[in-house]
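[1] give the three-dimensional model of this entry:
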Amino acid sequence: MRSRERSGDQLSLTVSAWRSGHGDAVVAPVLGVALAYGALDQGGFYSEQFVNLLGLVAVAVAARLLAGPRRVPAYLVGCIVAWLGFAGWALYCAAVQGPPAAGLPAAAVATCLAAVAWSAGGLGSSGRRLLAAVLVAVGLVVALTGWAGVALHRPPLAMVSSGVWRAASTLTYANATAALLVTAILVALAVLPESRRLLCTLVLGGLLLGLVTTMSRAGGLALGVGLAVAATAPVLRRRLARSWSALPTAAIGFGGLLPSLPEASTPNPLLALAGLAAAAAVPVLADRAPRCTAAAVAGGLVLAVLLVPTAPAAIGDARLTAASPERADLVRVALAQAGAAPLTGVGPGRLELAYLDHRGVPVLAQFVHQEYLQTTAETGLVGLGLVLAGIGALVAGAAHRRGRPGSTAAIALLVAFGVHSGFDFLWHIPVLPLLAVLAAVTLVPVHRHTREQEIP
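    Numbering: from 1, shown residues only. Okay, here's the model as predicted:
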């Protein structure tokens, strides 16, 4: 009898410990594991992977519940309500057009995002610092594996597109890899300590090299827009200026990959490693021997330029152009179906992308590569409005705390992700919207006992 009483007392003490705040020590690591798992296992794209990702998020939700009641900021309440509303709307649209189960994937992703926002929203500064560190570390792993995939010609870490090898990394899709790296760059810019200049430049240079290796046009555009937004904060603008050597670092590292880019080329890992070593030397010299920096940068860039003739013409023909006839065909077909049911859409998963393209060739596609249009076509303007309301609530919450570098970086990464979403199917790769939401919630300062806490 006494053993049962002791067990009951131990359980009560455990619950009390959770309610005193120790639950945060589980919420942050579990969310970090979920992020890392999704990034390293194809973005949680396939059903089994997505179920595992949902399981990890459910553990974080349970830990958050055990941690006791916490005040949820009003802006997070808004985005949670909007995304849960979208989940219900997706199920309704699916039921109207056909079997309700067709709406489960979209509803599950939206519910997952709401759960992540709620779980992360109550974390203290230590938990948010941990998540930010995990996010940057995951970005570096993704960048390195993508670079290695191109250097070694190893699918699925690298894939051939338009005659060139592009970094696909552990997400196994170049444009998804680019979206993750853009977010990681903007988070690193906000959270890395200014006193560790060499660390900042090496990390930013490595992430930028990974992004360049994907050769994603939308990724480059998204980064440019995100950096323009970030530069509106004086602190972030100063950090950008001090990390200038990240640019030649990425350029020199990419130069070492040039001979390995053609589809029919032989992998040249030794030259790629030499380029990577030369690239890493630039920020080291900039930090420890400023007088040698100019010579090192000039020498590295000359070497990279000398290797340009070994790059395939497909880089210029296919990647350095805004034209994309295939995407234009997809937009044309999706617009026609969106116009047929503008308010409710045709139903999740019921968009028909079987058509004749601009060359008269039959095509069967799964995604429009334009998330706003695909969401409108499947769930109507109501569905799109609910999705945008959730994103808008996050932006509004960050803007309410404007003037803080974390808030500006959160707005920058949300804007960058929004821009990139107009050119690809990022919302259908679960880890990417999860990453954007988690990064934004992590960076926005939270009020705790009238004192505002921020990273760093």
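[2] using the three-state scheme, assign residue 232.
    coil (DSSP: H, G, I helix; E, B strand; the rest coil).
[3] now do it against residue 405, distance only.
    Distance, residue 232 to residue 405, by CB to CB, to the nearest Å: 10 Å. Bear in mind the C-beta positions are built from the backbone N, C-alpha and C, glycine included.
[4] and these two? which has more neighbours close in?
    residue 405 (23 against 12; other CB atoms under 10 Å).
[5] which stretch of helix or strand covers the closest residue to that one other than its chain neighbours?
    Closest residue in space to residue 405, ignoring its immediate chain neighbours: residue 235 at 4.3 Å, by CB to CB, 6 or more residues apart in numbering. Assigned by DSSP states H and E, residue 235 belongs to helix 234-242.
[6] who's in contact with that helix?
    189-190, 192, 194, 197, 200-201, 227, 230-231, 405, 408-409, 412 (CB atoms under 8 Å, 6 or more residues apart in numbering).
[7] next one: stretch 359-368
    329-331, 334, 351, 353-357, 374, 377, 425, 428.
[8] check contacts around the nearest residue in space to residue 201 that is not next to it in sequence.
    Once flanking residues are discounted, residue 201 sits nearest to residue 283: 3.8 Å by CB to CB, 6+ apart. Counting by CB under 8 Å, 6+ apart, residue 283 touches 198, 201-202, 205, 245-246, 249.
[9] flag the least confident of these.
    By pLDDT, residue 245 ranks lowest within those, coming in at 80.
[10] separation between that residue and residue 196?
    In terms of CB to CB, residue 245 sits 14 Å off from residue 196.
[11] comparing those two, which residue is more hemmed in?
    residue 245 (24 against 12).
[12] from what I see, the more buried one and residue 282 are in contact.
    Yes. Contact criterion CB atoms under 8 Å: residue 245 and residue 282 qualify, at 5.1 Å.
[13] run through the neighbouring helices and strands of the helix or strand hosting residue 438.
    Applying DSSP H and E as the criterion places residue 438 in helix 431-443. In terms of contacts (3 or more CB pairs under 8 Å, 6 or more residues apart in numbering; DSSP states H and E), helix 431-443 is packed against helix 24-40, helix 47-66, helix 104-121, helix 125-152, helix 174-191, helix 371-400, helix 405-421.
[14] compare those and give me the one nearest residue 93.
    For the helices and strands packed on helix 431-443, the distance to residue 93 is smallest for helix 371-400, at 5.1 Å, taking CB to CB.
[15] which strands or helices does that closest one pack on?
    Against helix 371-400 (3+ CB pairs under 8 Å, 6+ apart) you get helix 74-97, helix 104-121, helix 325-340, helix 405-421, helix 431-443.
[16] and the first one, what's buried?
    Burial within helix 74-97, assessed by neighbour count using 16 or more other CB atoms under 10 Å, is assigned to 75-76, 78-80, 82-87, 89-94, 97.
[17] for the protein, which spans come out with low pLDDT?
    1-23, 69, 286-324, 358, 403, 446-456 (pLDDT under 70).
[18] nearest residue to the middle of it?
    residue 180 (3.1 Å; CA atoms, centre = their mean).
[19] the residue lying closest to that residue once chain neighbours are set aside: what's it in contact with?
    Excluding the flanking residues, the one nearest residue 180 by CB to CB, 6+ apart is residue 142, at 5.7 Å. Residue 142 makes contacts with 39-40, 169-171, 177, 180-181, 184, 210, as judged by CB under 8 Å, 6+ apart.
[20] CSV for those residues, including distance to residue 58?
    Below are the contacts of residue 142 laid out as CSV (distance: CB to CB, whole Å):
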residue, distance to residue 58
39, 19
40, 20
169, 27
170, 23
171, 23
177, 27
180, 23
181, 28
184, 25
210, 31
